[in-house]
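> Following is a predicted model, sequence given first.
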Amino acid sequence: MSENTLGAFMEEELLSQPDVWQRAVDQARSEQLLPADGQRIAVFGCGTSWFMAQSYAAARESAGKGVTDAFAASEAFLNNNSADRQYDAVVAITRSGTTTEVLEILAALKGIVPTVAIIGDTTSPIIELADTVIGLQYADERSVVQTRFATTALVYLLASLGVDLRQAIDDAREAVSAPVSQELLDAEQFTFLGTGWTVGLAHEAGLKMREAVQGWTESYPAMEYRHGPISIAAPGRVTWLFGAQPEGLDQDMAATGALYLHTDKHPLAELARVHKVTLERARVRGLNPDLPRNLTRSVILDASA
């Protein structure tokens with residue numbers, strides 16, 4: 001397989017993000033399927049979907065729309081405890097609609113707490129379990145490494161909060177097509193940082209690089225970075241910040257010799273740029289992000305095990 005064909009699905013999917021995001025914005029404006037403002041909700045997912053849940057939860061609370069807790073499906077305080085925690089509704093994010101932990105939670109909540117599922121595959125078993133389904137089938141993917149479904153789900157969620165995403169879409173058109181510098185291709189290590197709703201983006205960026213490139217990648221809330229993790233910053237390594245910069249961080253980074261990236265581009269567009277960097281780093285290493293080592297599109301556990 002040639003370098004240019006490695007990650008062919010991922011490339012197609014990441015390049016389509018600006019157009020797909022616009023479609024999600026339009027869909028969110030035309031629907032009223034998410035829990036109402038003021039309701040106390042939980043939102044959960046696995047892997048990438050968990051990080052999108054974190055971003056949505058932070059954005060919803062910051063917008064004053066109501067208490068919003070984010071959980072990894074495997075560690076969620078849900079199931080039969082949801083009524084005790086007084087959630088008015090629970091939202092699941094899942095590309096495949098087949099992940100075991102997600103289906104188990106929705107089955108346990110059936111008839112107890114209203115549920116909403118944001119999914120890519122509208123033929124999956126989840127449509128029989130969730131009370132409300134938000135279908136983003138146009139954002140579904142063939143690559144195992146997620147790009148556009150995750151970002152499109154978050155765009156839908158942010159648009160539902162009234163967030164203006166025009167800059168994100170415009171900036172992303174440039175981000176997904178811009179060339180990747182040799183410095184980023186050769187970098188030994190990446191750390192991604194975020195603040196508020198962009199902490200989830202930082203975690204997602206780190207996961208993408210680990211999945212596709214098998215590289216040493218970390219992620220943190222930006223204000224936590226100087227509480228220890230900055231010790232790994234050094235020449236030949238990269239620290240990449242999404243969103244607002246904590247005061248003095250740029251000066252502290254200059255002293256480390258690491259490449260520090262922080263732009264005025266929209267954080268979602270910066271995540272799309274990370275997708276592009278990840279793809280090209282995988283290719284120069286002879287790796288195929290469409291079929292990464294040890295990973296599958298959905299984690300389906302054997303109940304008999």
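Right, received. Where do you want to start? Residues are numbered from 1 along each chain as shown.
> Gln214 and Ser181: what is the separation?
Relative to Ser181, Gln214 is positioned 21 Å away (Cβ to Cβ, to the nearest Å). For glycine as for every other residue, the C-beta is placed from the backbone atoms N, C-alpha and C.
> Ok, Gly228 next?
Counting by Cβ to Cβ - Gly228 and Ser181 are separated by 28 Å.
> Please apply the same query to Val91.
Counting by Cβ to Cβ - Val91 and Ser181 are separated by 38 Å.
> In terms of neighbours, single out the busier of those two.
Val91 (28 against 12; other Cβ atoms under 10 Å).
> Show the contacting residues for the spatially closest residue to the more buried one that is not a sequence neighbour.
Closest residue in space to Val91, ignoring its immediate chain neighbours: Val43 at 4.2 Å, by Cβ to Cβ, 6 or more residues apart in numbering. Counting by Cβ atoms under 8 Å, 6 or more residues apart in numbering, Val43 touches 53, 56-57, 68-71, 90-93.
> Go ahead and name everything in contact with stretch 25-37.
Applying Cβ under 8 Å, 6+ apart, the contact partners of stretch 25-37 are 41, 65-66, 88-89, 91, 114, 116, 132, 134, 136, 155-157, 159-160, 165, 169.
> one step back: so the residue nearest to Val91, which of the three states?
strand (DSSP: H, G, I helix; E, B strand; the rest coil).
> Phe192 too?
On the basis of three-state DSSP, Phe192 is classed as strand.
> got the contact list for it?
201-203, 205-206, 217-220, 240-242, 274.
> now swap in Ala258 and tell me
Contacts of Ala258 by Cβ under 8 Å, 6+ apart are 233-239.
> Compare those residues and tell me which is most surrounded.
Thr239 (26 neighbours).
> so that residue is in which element?
strand 237-242 (DSSP states H and E).
> Next, the residues that contact that strand from outside, please.
Residues from elsewhere that reach strand 237-242 (Cβ under 8 Å, 6+ apart): 184, 187-195, 198, 201-202, 205, 222, 225, 230, 233, 249, 253, 256, 258-262, 267, 270-271, 274.
> what distance separates it from the centre of its chain?
Between the centre of strand 237-242 and the centre of its chain there are 17 Å (Cα atoms, centre = their mean, to the nearest Å).
> Quick check: can you name the pairing partners of that strand and their directions?
Partners of strand 237-242 in the sheet, by DSSP bridges, are strand 189-194 (parallel), strand 259-261 (parallel).
> Pick the most deeply packed of the ones you listed.
strand 189-194 (a mean of 26; mean count of other Cβ atoms under 10 Å).
> could the contacts of Ala258 go into a markdown table alongside pLDDT and distance to Gly120?
As requested, those are arranged in a markdown table below (pLDDT from 0 to 100; distance: Cβ to Cβ, whole Å):
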| residue | pLDDT | distance to Gly120 |
| --- | --- | --- |
| Ala233 | 98 | 36 |
| Ala234 | 98 | 39 |
| Pro235 | 98 | 41 |
| Gly236 | 98 | 37 |
| Arg237 | 98 | 34 |
| Val238 | 98 | 30 |
| Thr239 | 98 | 32 |
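> mind checking the longest helix of the chain?
helix 267-284 (DSSP state H).
> How far away from the center of its chain is that helix?
Taking mean C-alpha positions (Cα atoms, centre = their mean), helix 267-284 and its chain are 13 Å apart.
> Could you do stretch 255-274 as well?
Taking mean C-alpha positions (Cα atoms, centre = their mean), stretch 255-274 and its chain are 16 Å apart.
> returning to what we had before: CA atoms of the longest helix of the chain as PDB?
Extracted in PDB, the C-alpha atoms of helix 267-284 (Å, rounded to 0.1, in the frame of the first residue of the first chain):
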ATOM      1  CA  PRO A 267     -10.700  25.700  18.500                       C
ATOM      2  CA  LEU A 268     -12.900  23.200  16.500                       C
ATOM      3  CA  ALA A 269     -10.900  24.200  13.400                       C
ATOM      4  CA  GLU A 270      -7.700  23.600  15.300                       C
ATOM      5  CA  LEU A 271      -8.900  20.100  16.100                       C
ATOM      6  CA  ALA A 272      -9.500  19.600  12.400                       C
ATOM      7  CA  ARG A 273      -6.000  20.700  11.800                       C
ATOM      8  CA  VAL A 274      -4.800  18.100  14.300                       C
ATOM      9  CA  HIS A 275      -6.600  15.500  12.300                       C
ATOM     10  CA  LYS A 276      -4.700  16.600   9.200                       C
ATOM     11  CA  VAL A 277      -1.400  16.500  11.100                       C
ATOM     12  CA  THR A 278      -2.200  13.100  12.500                       C
ATOM     13  CA  LEU A 279      -3.000  11.700   9.100                       C
ATOM     14  CA  GLU A 280       0.300  12.900   7.600                       C
ATOM     15  CA  ARG A 281       2.300  11.800  10.600                       C
ATOM     16  CA  ALA A 282       0.800   8.300  10.300                       C
ATOM     17  CA  ARG A 283       1.600   8.200   6.500                       C
ATOM     18  CA  VAL A 284       5.200   9.100   6.900                       C
END
